[in-house]
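*Asks:* Everything below, folded, please.
(one chain, ligands or ions: 1)
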Amino acid sequence: MQDIRWNTFWVLLFVSFLSLVVWGFKSLEVAFLFFVLCLTVYLLSHVYWIHRLNKWLKNPNLSTIPDGSGIWEEIFSILYREYKKQKKSKSELTTTLGRFMTAAEAIPDGIVALNQNNEIEWCNKPSEKMLGINLSKDINQPINYLLRETSFTEYLNDKKYNDSLRLISWRNTSRSFELFLVPFGASQKLLICRDITQIEKNDSIKRDFIANVSHELKTPLTVIIGFLETLSDMKNEFNEKTYSYLQMMLEQSDRMKKLVEDLLQLSSIESNAAAAEKKEIDMHDLFKRLEKDSDLISGKLHKINMSIKKNIALLGYEKEIYSAFLNLVSNAIRYTEKGGSINVIWDMENQKPYFEVQDSGIGIDEKLIPRLTERFYRINADRSRITGGTGLGLSIVKHICIRHQAQIEITSQVGKGSQFKIIFPQERLSLKK
Ligand code: ADP
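*Replies:* As a prediction, the model looks like this:
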């Protein structure tokens, strides 16, 4: 490209030279006039092209770009190239964006893009249907003005992006959704909404099936156990071998009975999605019963220390709470050698009541801790079986915790012992007792 400064310099030099020639032939005044005239023409030509550029910039279009002359020809040709390039990348971007939008619309899950103030920036069609959003009207509206569920507002404020939220549709209560928040960009979020009605239906069919089978098994099992107990009372009627078979049958039937009972309890807790009632539980009374049952399980072979550190009550469903607490204490006894110590604590931390069981037992490998609450997950199946376990205890505890909005924390060290802590939310604390 020509340099405008050199261009101007050469023009001035040429006009000065011509003016000198005019001065030689005519007078100084005529030469000066000639110099001024040439400069004016030069300036006017630039003003003209600036005007054309200004006009074009107001309504840029590839077909109307001026040709220009001199330095301006080059300026316009650069502008032409850049504008063409920009138009091409803009159309490519528009195509990509269009494709992205079509893909986002094709996703069966609802997607809502939120800005840092949780205001709606964009959403796809499925989310309009699921959450009742009307993008043309609700754009820039805070999402919690439209989804007025308290649990959703808490979920939005908590910023626990690893968790999801189950929500029952307020427009159609037979449908349920799972909501996830995914952070992206500086502080924007994507709210993803999945219809889990069918999954929940299938789960409920499976649960009902297990519950029905367990229920159907209960009566024949009770009859079998009854007969086996009667037969084992008639020890003298059998030889030693037959009697030992009878004992084994009775043992296995008892195990089956325990399994059926645990399955029934688990399916009854699982099928109840509603939050547990908030009835005040007398912890002193509950601990007394816990102590009695713990002594029975341990046979007084462990040092069990029960302590209520704060005189606070829990708001919950006593039957379930007792079952969860006893499950943890029973595990501590079963996985701790005779003579080992077990501490059972009821206390409060950050205004949240908690129940903790610490044992000096065999401990758990840290890697296996996340799997403990899975149904039938046992680290040492033999030990679990010998000590009367079904592999369902911690699953039951987990579901009782869910119904009470409580969290379960497990820490352990192999060979040293384990700590199981159930932390209840502040709203389940009662300071009255
Ligand atoms: P189980 O009936 O087999 O005890 P649970 O669901 O109660 O089933 O526990 C699952 C598994 O977690 C157990 O099989 C055991 O391996 C492990 N576990 C639970 N509690 C403890 C504990 N206090 N100490 C060591 N291991 C434990």
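*Asks:* How is Cys193 assigned, secondary-structure-wise?
*Replies:* strand (DSSP: H, G, I helix; E, B strand; the rest coil).
*Asks:* show me the contacts for it.
*Replies:* By C-beta atoms under 8 Å, 6 or more residues apart in numbering, Cys193 lies in contact with Asp109, Gly110, Ile111, Val112, Pro126, Ser127, Met130, Leu131, Phe177, Glu178, Leu179. All C-beta spots, glycine's among them, are computed from the backbone N, C-alpha and C.
*Asks:* run the last query once more with 7 Å
*Replies:* Shown in contact with Cys193 (C-beta atoms under 7 Å, 6 or more residues apart in numbering): Asp109, Gly110, Ser127, Met130, Leu131, Phe177, Leu179.
*Asks:* Point out the residues in the chain that sit beside the ligand.
*Replies:* 331-332, 335, 359, 361-362, 364, 372, 377-380, 384, 389-395, 418 (C-beta under 6 Å from any ligand atom).
*Asks:* Go again with 8 Å.
*Replies:* 327-328, 330-332, 334-336, 357, 359, 361-364, 368, 372-373, 377-381, 383-385, 387-397, 412, 417-418, 420 (C-beta under 8 Å from any ligand atom).
*Asks:* Which of these are buried, as a PyMOL select command?
*Replies:* Only the buried entries of these go into this PyMOL selection, using 16 or more other C-beta atoms under 10 Å:
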select buried, resi 327+328+330+331+332+334+335+336+357+359+361+362+363+364+372+373+377+378+384+389+390+391+392+393+394+395+396+397+412+417+418+420
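*Asks:* The residues of the chain next to the ligand in strands, which ones?
*Replies:* Val357, Asp359, Ser412, Gly417, Ser418, Phe420 (DSSP state E).
*Asks:* so the last one sits right up against Val329, yeah?
*Replies:* When you say that, I think you mean Phe420. No. In this structure, Phe420 is not within contact of Val329 by C-beta atoms under 7 Å, at 9.3 Å.
*Asks:* Identify the contacts common to those two.
*Replies:* Counting by C-beta under 7 Å, 6+ apart, the contacts common to Phe420 and Val329 are Val357.
*Asks:* now, which of the contacts of Cys193 lie within strands?
*Replies:* Counting by DSSP E, the part of the contacts of Cys193 found in strands is Gly110, Phe177, Leu179.
*Asks:* Redo the residues you listed as TSV? Include distance to Phe35, neighbour count and pLDDT.
*Replies:* Formatted as TSV, the ones in strands among the contacts of Cys193 follow (distance: C-beta to C-beta, whole Å; neighbours: other C-beta atoms under 10 Å; pLDDT from 0 to 100):
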residue	distance to Phe35	neighbour count	pLDDT
Gly110	76	22	93
Phe177	83	20	93
Leu179	79	23	94
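*Asks:* Check the burial of Met283 by counting its neighbours.
*Replies:* Number of residues near Met283 (other C-beta atoms under 10 Å) recorded here: 22.
*Asks:* Now do the same for the closest residue to Lys258 other than its chain neighbours: its pLDDT.
*Replies:* Nearest in space to Lys258, with sequence neighbours left out and distances taken as C-beta to C-beta, 6 or more residues apart in numbering, is Thr390 at 5.7 Å. pLDDT, Thr390: 91.
*Asks:* what's the answer for Lys432, then?
*Replies:* 61.
*Asks:* now swap in Gln2 and tell me
*Replies:* Gln2 is assigned 63 on the pLDDT scale.
*Asks:* Could you pull up the residues touching Leu231?
*Replies:* Neighbouring residues of Leu231 by C-beta under 7 Å, 6+ apart: Leu246.
*Asks:* Can you classify it as helix, strand or coil?
*Replies:* helix.
*Asks:* Where does Met256 sit: helix, strand or coil?
*Replies:* helix.
*Asks:* Leaving aside the residues adjacent along the chain, what's closest to it?
*Replies:* Using C-beta to C-beta, 6+ apart, the nearest residue to Met256 is Leu221, at 6.0 Å.
*Asks:* Show me which pair in the ones in strands among the residues of the chain next to the ligand is furthest apart.
*Replies:* The span of those, defined through C-beta to C-beta, is set by Val357 and Ser412 at 11.6 Å.
*Asks:* Centre of the chain to stretch 333-341, how far?
*Replies:* 38 Å (C-alpha atoms, centre = their mean, to the nearest Å).
*Asks:* end to end, how far does it reach?
*Replies:* 9 Å (C-alpha to C-alpha, to the nearest Å).
*Asks:* Next, the residues that contact it from outside, please.
*Replies:* Outside of stretch 333-341, the residues within contact range by C-beta under 7 Å, 6+ apart are 294, 297-298, 301-303, 305, 342, 359-362, 387, 389.
*Asks:* Please flag which of these sit within helices.
*Replies:* In this view, the contacts of stretch 333-341 that belong to helices under DSSP state H are Ser294, Ile297, Ser298.
*Asks:* Just send the residues you listed back as CSV, with neighbour count, distance to Leu246 and pLDDT too.
*Replies:* Shown next, in CSV, are the ones in helices among the contacts of stretch 333-341 (neighbours: other C-beta atoms under 10 Å; distance: C-beta to C-beta, whole Å; pLDDT from 0 to 100):
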residue, neighbour count, distance to Leu246, pLDDT
Ser294, 23, 31, 96
Ile297, 18, 25, 94
Ser298, 20, 28, 95
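*Asks:* Among those, which one lies nearest to the ligand?
*Replies:* Within the ones in helices among the contacts of stretch 333-341, the smallest distance to the ligand is 11.9 Å, found for Ile297 (C-beta to the nearest ligand atom).
*Asks:* thinking that closest one is in contact with Ser330, fair?
*Replies:* Yes. With contact defined as C-beta under 7 Å, Ile297 and Ser330 form a contacting pair (5.3 Å).
*Asks:* before we move on, back to that, can you convert the ones in strands among the residues of the chain next to the ligand into TSV and add a column each for distance to Asn350?
*Replies:* Converted to TSV, those look like this (distance: C-beta to C-beta, whole Å):
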residue	distance to Asn350
Val357	20
Asp359	24
Ser412	23
Gly417	25
Ser418	23
Phe420	19
